[in-house]
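>>> turn this into a model:
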Amino acid sequence: MISIFSGLILPSFLNWLRVEKVNSYTRELKEYLRVVRLDARRWGSICSVDSNSISYNGVANDKNYYGYRISCSGKSTNINSLAPAINNSIFQVINKDFRITPNGRISSDSSIVIVIGSKYFNEGARILNCLVIKSPTGHIIKGKFSENDWISDKMQVSQIDQNNILSPDKCKSY
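Numbering: from 1, shown residues only. Take a look at the predicted model:
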């Protein structure tokens, strides 16, 4: 009886954990990018937001891996220490690096799209969160990404979209 019960509960629990890891990272990243914009305004700095490329299973156990490097001109800021840590169980793909102006606006010719998903996307819970950062306002919209045929079995932990798959219209807000 116990083995039957655990056989039914364990897969559901693992799926719930996957969903929560993706949702948690998405919330933390959205808030972090908001703080970077505020910091750029506070110090009157231009901040570059660059994606760290991290290979499949490339995160060691020390938890000091971050999906982004932020560098701001002018004032010395400790904004990188606030970045949400990334781990091997999730992946993120961004369409391009971008800059934040001293007035907190996004310096890009189009919106920034970030897709966050579970490394185990092809098993269990199928979740692809997305963030769209509107240019030039910097308004961040959270949603679900509608396409998943571009996902591979060995997704890099963090990467820039090389195939121009990510577009704002594929991120359905909720």
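>>> what does stretch 162-174 rub up against?
The contact list for stretch 162-174 (C-beta atoms under 8 Å, 6 or more residues apart in numbering) reads 93-95, 110-111, 113-115, 130-132, 141-147, 150. C-beta here means a position set from N, CA and C on the backbone, and glycine is covered the same way.
>>> elements contacting the least confident helix or strand in the chain by mean pLDDT?
The helix or strand of the chain with the poorest confidence is helix 2-43; it has a mean of 87 (mean pLDDT, DSSP states H and E). Counting contacts by 3 or more C-beta pairs under 8 Å, 6 or more residues apart in numbering; DSSP states H and E, helix 2-43 is packed against strand 47-51, strand 68-72, strand 90-94, strand 98-100, strand 112-118, strand 128-133, strand 140-145.
>>> which of the contacts of stretch 162-174 count as buried?
Buried by 16 or more other C-beta atoms under 10 Å: 93-95, 111, 113-115, 130-132, 141-143, 145, out of the contacts of stretch 162-174.
>>> dump the residues you listed to JSON lines, plus distance to Cys72 and pLDDT.
Below are the buried ones among the contacts of stretch 162-174 laid out as JSON lines (distance: C-beta to C-beta, whole Å; pLDDT from 0 to 100):
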{"residue": "Val93", "distance to Cys72": "24", "pLDDT": "96"}
{"residue": "Ile94", "distance to Cys72": "19", "pLDDT": "97"}
{"residue": "Asn95", "distance to Cys72": "22", "pLDDT": "96"}
{"residue": "Ser111", "distance to Cys72": "22", "pLDDT": "96"}
{"residue": "Val113", "distance to Cys72": "23", "pLDDT": "97"}
{"residue": "Ile114", "distance to Cys72": "20", "pLDDT": "97"}
{"residue": "Val115", "distance to Cys72": "25", "pLDDT": "96"}
{"residue": "Cys130", "distance to Cys72": "26", "pLDDT": "96"}
{"residue": "Leu131", "distance to Cys72": "21", "pLDDT": "97"}
{"residue": "Val132", "distance to Cys72": "23", "pLDDT": "97"}
{"residue": "Ile141", "distance to Cys72": "24", "pLDDT": "95"}
{"residue": "Lys142", "distance to Cys72": "25", "pLDDT": "96"}
{"residue": "Gly143", "distance to Cys72": "28", "pLDDT": "95"}
{"residue": "Phe145", "distance to Cys72": "29", "pLDDT": "94"}
